[in-house]
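>>> Here is a sequence together with a model predicted from it:
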Amino acid sequence: MTTGSEPATTELEPDEPHESRDPLTRVIAISLASVVVFGAALATLQTDASVHESTTARETTRVAVRALRANVTESAVVGTESELQGEKAFLAYRRPLTEGSPSLTDAVGVPRDRRGLSRQLRAATEGLPIARAQEAIDRLSFETERATLKQKALATTRITWNTRSTQYTTVIAVLAAALFLVGFGLVVEGRLRVYSYGLGMAIAVVVALLAVRLYFLPIPSTPDEAIAAAARAHVREANRDYEGAIAQYDRSLAIDDEFAAAYRGRAIARLLAANPDYSETRAVTDLEGRASEAALRDTERALELEKRRDFIALALLALQAFYAEDYARSLEGAVAAIELNPEDPDVRLLKSAAETALGRPAAARSSLQGAIDLLRDTDPSQRNRLLASTYLSYLEWVAWSVPERATEVRTLEDEVVAVETAFTLDRQLSRTLPAGGKVEVLDLRYDRGRLNARMPWRGLPKGTTLSALAYERPLANGPWAQPTDLALFLSPSGDGERRISVPLERTCKPTEVRVDLYLNGAPAGSETGPGVPATC
């Protein structure tokens, strides 16, 4: 019997699991684990890209050393072979050792011909040591070009791997933000949990899509067979086998149709095939532009593949547009090239010529001065002679294609000759004719493959400088060209004479020849002589 009612007991329900109250908790936990695993996978990919970049960098360095060694060896062999050609009979590009001394071959400013000997001499000496030496030079040239192209290809691959590694690092950093937001959803309640989780997962999804896209982006890699074909093309081009070079570039591009160097090389080979003497004389004979369209397509394709960051292709585009008489486009290409490499004088000279054609004399003079300033601390060399002759040939093209600019052209030509004379003979010029004395050119003609003339001077005061620059006209009524080797700089005095008889190996024979004379940097006359009927 109870004296009172027993206290009622209430049985407590055990706490419900947290996830039963908020089903999102389990989802967040699973998502968090997934994001962590995905981040680990990205870290693995980033490490893999970094390892590939390091491996490619080491291989690039090894190839760069081989390319440098091959370049030095080739330059030494070609330089020695050039000296062994013997003595030239015309127009030295250097201070004479004595007054009226003959010129030396190694002092003549001629674009290097890797064949070294004339076609006739090579044919006569087939199988002899000289011919075998030329084969060795070609092998050296091939190895040098192949190593150089391989180095550039590896450098592109390395940069891509480096960029990929950096991109993965960035993606991982963004994923860390997503990981924080997803994890934050576990420690907050209500709407904030939903927002934090949703934003974190949205970022994670975007990161995942970016990572997948990065993973499937191609890594550029140029096959060795394509590089070897391009190197063979380079050798054939150096030997003036331009059609053979084009065929080899075709083969290279058939293997790898995204090989920018092959497109650029084929563009050059096509231009040289249509203007066969250009590499030696800067003479343009393809006045109808037979090769221009195909060559321009190649150049544009090379620029597209290099994202318009290829200095050589931009300079080539400027050159092609110049000879197509599209001077505005030429100027645009030259400006873009100079932005990439402001230390190169060649394109500044082309820019000056284009500005002359467009009727901008002040800008043309400024561009010329910019090129001269870049050469101010250098010594007289074949390279500087080549720059001067190329610029003079550009100006002659402008005078031919835009006759109303002839006066401006002549002013710039006189300026260049005066600067080159002072530079070569290492003295200041008065730019005025001497009070007494004169010089003239007699019996000037091109006949039987030789340029012939007599250049007598009478009563020249001591210290007078004499410059004579010869021009060729390969097409009747076409533009003149000033070949690199046809320039003479002397310091004569009193009475004297230089007899000239120079063999000129040309595919397009001169139909007319011209010699411009300067005393103390001032124009002293010009003489024109006959050539032969046009052969192009």
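Happy to help now that I have it.

>>> When you work out contacts or count neighbours from here on, use the C-alpha atoms and nothing else.
Noted.

>>> Regarding this structure, what is its longest helix?
helix 24-83 (DSSP state H).

>>> ok, residue 165 - how many residues close by?
By the criterion of other C-alpha atoms under 10 Å, residue 165 has 23 neighbours.

>>> Looks to me like it is in a helix.
Yes. Assessed with DSSP: H, G, I helix; E, B strand; the rest coil, residue 165 lies in a helix.

>>> please renumber so the chain begins at 45
Got it, first residue is 45 now, which makes that one residue 209.

>>> Would you confirm that it contacts residue 93?
Yes. The criterion here is C-alpha atoms under 8 Å, and residue 209 meets it with residue 93 at 5.1 Å.

>>> what does stretch 85-95 contact?
With C-alpha atoms under 8 Å, 6 or more residues apart in numbering as the test, stretch 85-95 has contacts from 205-206, 208-210, 212-213, 216, 255.

>>> Please enumerate the helices of the stretch 95-244 of the chain.
Taking DSSP state H, counting those that start in this stretch, the helices of the stretch 95-244 of the chain run over residues 163-168, 173-228, 234-260.

>>> Compile those into JSON lines and extend it with columns for mean pLDDT and distance to residue 458.
Output for those, formatted as JSON lines (pLDDT from 0 to 100; distance: least, C-alpha to C-alpha, whole Å):
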{"stretch": "helix 163-168", "mean pLDDT": "45", "distance to residue 458": "36"}
{"stretch": "helix 173-228", "mean pLDDT": "85", "distance to residue 458": "38"}
{"stretch": "helix 234-260", "mean pLDDT": "92", "distance to residue 458": "58"}
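
>>> filter the contacts of stretch 85-95 to the buried ones?
205-206, 208-209, 212-213, 216, 255 (16 or more other C-alpha atoms under 10 Å).

>>> Most widely separated two among those?
Spanning the widest gap among the buried ones among the contacts of stretch 85-95 are 205 and 216, at 16.4 Å by C-alpha to C-alpha.

>>> related to what we said a few turns ago, nearest to residue 239 among the contacts of stretch 85-95?
residue 216 (21.8 Å).

>>> what helix or strand is the residue nearest the centre of the chain on?
The structure's the chain has its C-alpha centroid closest to residue 356; by C-alpha atoms, centre = their mean the separation is 2.4 Å. Under the criterion of DSSP states H and E, residue 356 resides in helix 355-367.

>>> do residue 561 as well
Residue 561 belongs to strand 556-563, assigned by DSSP H and E.

>>> List the buried residues in that strand.
Neighbour-count burial for strand 556-563 [16+ other C-alpha under 10 Å]: 556-563.

>>> Kindly report the same for stretch 271-279.
271-279.

>>> try stretch 401-408
401-402, 405, 407-408.

>>> can you check stretch 506-516 too?
Going by 16+ other C-alpha under 10 Å, stretch 506-516 has these buried residues: 508-516.

>>> returning to what we had before: list just the nearest of the buried ones among the contacts of stretch 85-95 to residue 313.
Distances from residue 313 to those, taken by C-alpha to C-alpha, are shortest for residue 205, at 32.5 Å.

>>> Might one say that that closest one is in contact with residue 265?
No. Applying C-alpha under 8 Å, one finds residue 205 not in contact with residue 265, separated by 11.0 Å.

>>> List phi and psi for the nearest residue to residue 490 once chain neighbours are set aside.
In this structure, residue 490 finds its nearest non-sequential neighbour in residue 575, 4.6 Å apart by C-alpha to C-alpha, 6 or more residues apart in numbering. Phi and psi for residue 575, reported as degrees, to the nearest 10, are phi -120, psi -140.

>>> Look up how far residue 478 lies from residue 575.
32 Å (C-alpha to C-alpha, to the nearest Å).

>>> neighbour-wise, which of these two wins?
residue 575 (24 against 19).

>>> which ones are touching that one?
Contacts of residue 575 by C-alpha under 8 Å, 6+ apart are 489-491, 553-557.

>>> And residue 354, by the same measure?
Contacts of residue 354 (C-alpha under 8 Å, 6+ apart): 346-347, 381.

>>> Name all residues that make contact with the spatially closest residue to residue 343 that is not a sequence neighbour.
Among residues not flanking residue 343 along the chain, residue 308 sits closest, at 5.5 Å (C-alpha to C-alpha, 6+ apart). Going by C-alpha under 8 Å, 6+ apart, residue 308 touches 342-343, 346, 357.

>>> could you point out which element follows the strand or helix carrying residue 308?
Element membership for residue 308, per DSSP H and E: helix 304-318. Per DSSP H and E, helix 304-318 leads on to helix 322-325 as the next helix or strand towards the C-terminus.

>>> Could you pull up the mean pLDDT of that following helix?
Across helix 322-325, pLDDT averages out at 92.

>>> from the middle of its chain, how far away would that helix be?
Relative to the chain's own centre, helix 322-325 is displaced by 17 Å; criterion: C-alpha atoms, centre = their mean, to the nearest Å.

>>> Can you list the helices and strands that that helix packs against?
For helix 322-325, there is no helix or strand it packs on, judged by 3 or more C-alpha pairs under 8 Å, 6 or more residues apart in numbering; DSSP states H and E.

>>> Could you break the chain into its assigned domains?
The record's domain split for the chain, according to automatic domain parsing, is 66-139+150-265, 482-574.

>>> mind showing which ranges of the protein have poor pLDDT?
Filtered on pLDDT under 70, the chain yields the residue ranges 45-66, 110-178.

>>> let's see it at 50
45-46, 54, 56, 62-64, 124-172 (pLDDT under 50).

>>> that older thread, just checking, what packs against the strand holding residue 561?
Strand 556-563 packs on strand 486-491, strand 510-517, strand 566-574, going by 3+ C-alpha pairs under 8 Å, 6+ apart.

>>> which one of those strands lies closest to residue 300?
strand 510-517 (40.7 Å).

>>> Check which strands are paired with the helix or strand following that closest one and give the direction for each one.
Next along the chain after strand 510-517, taking DSSP H and E as the criterion, comes strand 531-534. According to DSSP bridges, strand 531-534 forms sheet pairs with strand 510-517 (antiparallel).

>>> so what's the residue nearest to residue 560 when sequence neighbours are not counted up against?
Using C-alpha to C-alpha, 6+ apart and skipping the chain neighbours, the partner closest in space to residue 560 is residue 570 (4.3 Å). Residue 570 makes contacts with 485, 558-561, as judged by C-alpha under 8 Å, 6+ apart.

>>> and if we set it to 7 Å?
559-561 (C-alpha atoms under 7 Å, 6 or more residues apart in numbering).

>>> list the buried ones in whatever helix or strand residue 408 lives in?
Secondary structure assigned from DSSP H and E places residue 408 in helix 405-419. For helix 405-419, burial by neighbour count (16+ other C-alpha under 10 Å) applies to 405, 407-409, 411-416, 419.

>>> Then stretch 290-307?
Buried residues in stretch 290-307 (16+ other C-alpha under 10 Å): 290-297, 299-300, 302-307.

>>> and if you look at stretch 478-497?
Quick answer for stretch 478-497 (16+ other C-alpha under 10 Å): 478, 481-485, 488-491, 493-497.
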